[in-house]
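# I need the structure of the sequence given here:
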Amino acid sequence: MTPVAALIFDFDGLIVDTETPIYEAWREAYRERGHELSLEAWERALGTHGGFDAFAHLELLCGRTFERERLLEQVSERNRRACDAQPLLPGVAERLTEARALGLGTAVASSSSCAWVTGWLERHAIRPLFDRVCARDDVARVKPAPDLFLLAAQRLGVSAAACLVFEDSPNGIRAARAAGMRCVAVPNTLTRGLVLPRPDLVLTSLAELPLREIVQRVEARVVA
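So this is what the prediction gives:
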């Protein structure tokens with residue numbers, strides 16, 4: 001099996017938990033209008049962009065229309081306030097620092113916008129630990145399509161087979177598989193109960209194991 005030469009990280013829910021705040025912001029909007037937003041419905045939004053239209057779904061449940069811009073602005077403001085309070089998730093900085101020491105390339109591949117991802121990386125002072133940032137602005141198709149991961153590999157100058165992806169969502173894992181890459185699943189509060197499609201390794205958090213051991217376990221895995 002090809003040795004790991006580069007690491008590709010998802011952003012939302014893996015580096016910073018920006019997934020729970022947006023889900024909770026929409027849940028609050030639903031409850032204010034007498035309805036519940038289930039995780040089963042919201043799952044289609046995780047790890048991708050445009051997979052679930054919460055606004056249209058809420059209008060359908062209520063049987064009436066709302067002023068779209070006003071509601072989206074309200075949800076966005078709630079989400080931003082909650083995200084502002086989120087720290088880096090455990091182990092993120094340590095694993096990135098180890099990647100530098102091991103000479104591994106590093107990239108972010110996210111279905112969110114470049115401005116969103118870069119802004120948070122800079123806020124948490126870890127942008128210098130990534131060689132490349134790939135976001136939905138850069139590709140025609142986001143996850144579960146493989147485009148973001150393939151672009152990251154291209155920009156890092158390595159083959160897809162030499163990349164190890166870190167993901168928290170089923171859509172992200174599917175994208176890594178479609179790109180021909182190995183994948184470590186690090187489910188978060190929202191994705192922990194979801195079915196994960198064949199990751200090579202599952203961690204409770206990035207703090208669970210040092211990077212060298214993570215890579216060794218993935219490289220030693222025999223695929224049936």
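# who are the neighbours in contact with the residue nearest to L211 when sequence neighbours are not counted?
Leaving out its chain neighbours, the residue that sits closest to L211 by C-beta to C-beta, 6 or more residues apart in numbering is E98, at 3.9 Å. In short, each C-beta sits where N, CA and C put it, glycine included. Contact analysis of E98 by C-beta atoms under 8 Å, 6 or more residues apart in numbering lists 210-212.
# Is E98 located within a strand, as I assumed?
No - assessed with DSSP: H, G, I helix; E, B strand; the rest coil, E98 is helix; it does not lie in a strand.
# State the pLDDT value of it.
At E98, the predicted lDDT confidence score is 98.
# you'd agree D137 is up against C114?
Yes - the pair formed by D137 and C114 meets the contact definition of C-beta atoms under 8 Å, at 4.7 Å.
# what about the helices in the protein?
Ranges of helices in the chain, per DSSP state H, are 19-32, 39-42, 54-62, 68-84, 92-102, 114-123, 147-156, 170-178, 211-220.
# Select, out of those, the one closest to I8.
Closest to I8 of the helices of the chain, according to C-beta to C-beta: helix 147-156, at 4.9 Å.
# what domains does the record give for the protein?
Using automatic domain parsing, the domain parsing of the chain gives 6-17+88-220, 19-84.
# most neighbours per residue, which of the ones you listed?
Among the domains of the chain, ranked by average contacts under mean count of other C-beta atoms under 10 Å, first place goes to domain 6-17+88-220 (a mean of 20).
# for the lowest-mean-pLDDT helix or strand in the chain, packing partners?
In the chain, no helix or strand scores lower on mean pLDDT, DSSP states H and E than helix 39-42, which sits at a mean of 92. On a contact count with 3 or more C-beta pairs under 8 Å, 6 or more residues apart in numbering; DSSP states H and E, helix 39-42 meets helix 19-32.
# Please repeat the previous calculation with a cut-off of 10 Å.
Here helix 39-42 touches helix 19-32, helix 54-62, going by 3 or more C-beta pairs under 10 Å, 6 or more residues apart in numbering; DSSP states H and E.
# what mean pLDDT does stretch 140-147 have?
Rounded mean pLDDT across stretch 140-147 is 97.
# Sorry, slip of the keys, the one I care about is stretch 180-194.
In the prediction, stretch 180-194 has an average pLDDT of 94.
# Just the C-alpha atoms of that stretch, please, in CSV.
Extracted in CSV, the C-alpha atoms of stretch 180-194 (Å, rounded to 0.1, in the frame of the first residue of the first chain):
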residue,chain,number,x,y,z
GLY,A,180,-9.4,6.8,-4.0
MET,A,181,-8.1,8.0,-0.6
ARG,A,182,-7.9,6.4,2.8
CYS,A,183,-10.0,8.0,5.5
VAL,A,184,-10.0,8.4,9.3
ALA,A,185,-13.4,9.1,10.7
VAL,A,186,-13.6,11.5,13.7
PRO,A,187,-17.4,11.8,14.3
ASN,A,188,-18.6,14.8,16.3
THR,A,189,-21.7,15.4,18.5
LEU,A,190,-24.0,15.4,15.5
THR,A,191,-22.5,12.7,13.4
ARG,A,192,-21.6,10.2,16.1
GLY,A,193,-24.9,8.3,15.8
LEU,A,194,-24.8,8.2,11.9
